[in-house]
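Novice: pasting the sequence and the predicted model now:
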Amino acid sequence: VMNKDHHNEGGVEIISEGSATDDAHSNERDGLTSEEAEKLYESVGFNELPHVEVSLFWILFIQFTGLMPYMLELACILALAVQDYVDFAIIAAIVLCNGFLGFHEELKAKASLDE
């Protein structure tokens, strides 16, 4: 039997394997009785993950973060510093296209998860 390990991580209670059935005085083979399940429902609630809403601005913002976007953004700044406007425009276009394509893909993934 595993030790009971209850802790809170980001607003979600984490319960180690075995502790839920230990709390309900049940076992893995027989499961919970209806009464035990009702008691757990009343004390803990539904067995579900909380819905986390992320703003569209944040989804767009994170498209421009990471090692590769940072390197391209630095290259844009350097191209401006040496007054190479053609390279700046090309690199900026690549960064923007990559960001908006990533944003579009994230929105499609979010929509499929919301269904």
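Specialist: Alright, I've got the coordinates.

Novice: hmm, what's the outermost residue in this structure?
Specialist: Gln83 (39.8 Å; CA atoms, centre = their mean).

Novice: dihedrals phi and psi, it?
Specialist: When read as degrees, to the nearest 10, the backbone of Gln83 gives phi 60, psi 40.

Novice: again, but for Gly31
Specialist: Backbone geometry at Gly31, expressed as degrees, to the nearest 10, gives phi 80, psi -160.

Novice: ok, which stretches of the protein are strands?
Specialist: Per DSSP state E, the chain carries strands over the ranges 6-9, 12-15.

Novice: in terms of mean pLDDT, which of those strands ranks lowest?
Specialist: Mean pLDDT is lowest for strand 6-9 among those, at a mean of 54.

Novice: how far out from the middle of the chain is the longest helix along the chain?
Specialist: The longest helix of the chain (DSSP state H) is helix 85-114. When distances are taken as CA atoms, centre = their mean, to the nearest Å, helix 85-114 is centred 19 Å away from the chain's centroid.

Novice: rounded mean pLDDT for that helix, please.
Specialist: For helix 85-114, mean pLDDT rounds to 95.

Novice: mind listing what's buried along it?
Specialist: Residues of helix 85-114 classed as buried by neighbour count (16 or more other CB atoms under 10 Å): 88, 91-92, 95, 99, 102-103, 106. Just so you know, the C-beta spots here come from the backbone N, C-alpha and C atoms, and that holds for glycine as well.

Novice: let me know the closest of those residues to Leu60.
Specialist: Lowest distance from Leu60 to the buried residues of helix 85-114 (CB to CB) belongs to Phe103, with 5.0 Å.

Novice: distance check, that closest one against Gln63.
Specialist: 5 Å (CB to CB, to the nearest Å).

Novice: for Pro69, same thing?
Specialist: 7 Å.

Novice: overlap in contacts, the two.
Specialist: 98-99 (CB atoms under 8 Å, 6 or more residues apart in numbering).

Novice: ok, the residue sitting nearest the centre point of the chain to Lys110 distance?
Specialist: The chain has Val52 as the residue nearest its centroid, 8.4 Å off, counting by CA atoms, centre = their mean. Distance, Val52 to Lys110, using CB to CB: 11 Å.
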